[in-house]
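structure of the sequence below:
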Amino acid sequence: MTDAPHFESPVSRASAAVILVGAATIIGAWLFQMAGYAPCPLCLQQRIPYYTGVPIAFITFVMARRMPGSRLPAILIGLIGLLFLGSAVFAAYHAGVEWKFWPGPTDCSTGAGGATSTGGLLDSINKTTLVRCDEAAWRLFGISLAGYNVLISLALAGISLSAAFKRS
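Below you'll find the model as predicted:
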């Protein structure tokens, strides 16, 4: 049965997995944010690979379907794999900050400036909500959202990189 020719190649399957899992991950992050779990600066930076990787995976999926003999889709899925490997490393850094293995960046422990007068400084301090990078906002089975991002990013990297080197 050949009803789904776009899933014939490993690159097509891998790019579809990145699209589905990556989109679900970002939607999950937004849902946590809407539920009142404000993201810290490191959390926001961890979203960047998803914001870039998912659209590139969509382009890769289309290219793999329309250009079955081309090596370009395999190269793109390999780059996506490297992107998510970097995402896993960055998320592991954030998880280490949460576990106090090493210090986090200073913008995760100090408020933003901007006041020019003493009264303005007091107003600024009262209105500033500090979201610390070294305190996990939520954990399940002892693993924080940064920890789950390590696992998800490693899975997407493995799927993508293995597809990049498989023969169709």
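
contacts and neighbour counts: CA atoms only from here.
Noted.

which residues in this structure form strands?
In the chain, the segments counted as strands under DSSP state E are 139-140, 143-144.

confidence-wise, which of the ones you listed is weakest overall?
Out of those, strand 139-140 stands lowest, with a mean of 72 (criterion: mean pLDDT).

return the most buried member of the strands of the chain.
strand 143-144 (a mean of 16; mean count of other C-alpha atoms under 10 Å).

longest helix of the chain?
helix 72-98 (DSSP state H).

what about it, distance to the chain center?
Distance of helix 72-98 from its chain centroid, counting by C-alpha atoms, centre = their mean, to the nearest Å, is 8 Å.

that one: which residues count as buried?
73-88, 90-98 (16 or more other C-alpha atoms under 10 Å).

helices along the protein, start to end?
Listed in chain order, the helices of the chain (DSSP H) span 10-34, 41-46, 48-66, 72-98, 118-127, 145-165.

got those as TSV, with distance to C108 and mean pLDDT columns?
What follows is these, written out as TSV (distance: least, C-alpha to C-alpha, whole Å; pLDDT from 0 to 100):
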stretch	distance to C108	mean pLDDT
helix 10-34	17	95
helix 41-46	7	91
helix 48-66	18	96
helix 72-98	10	95
helix 118-127	15	60
helix 145-165	15	95
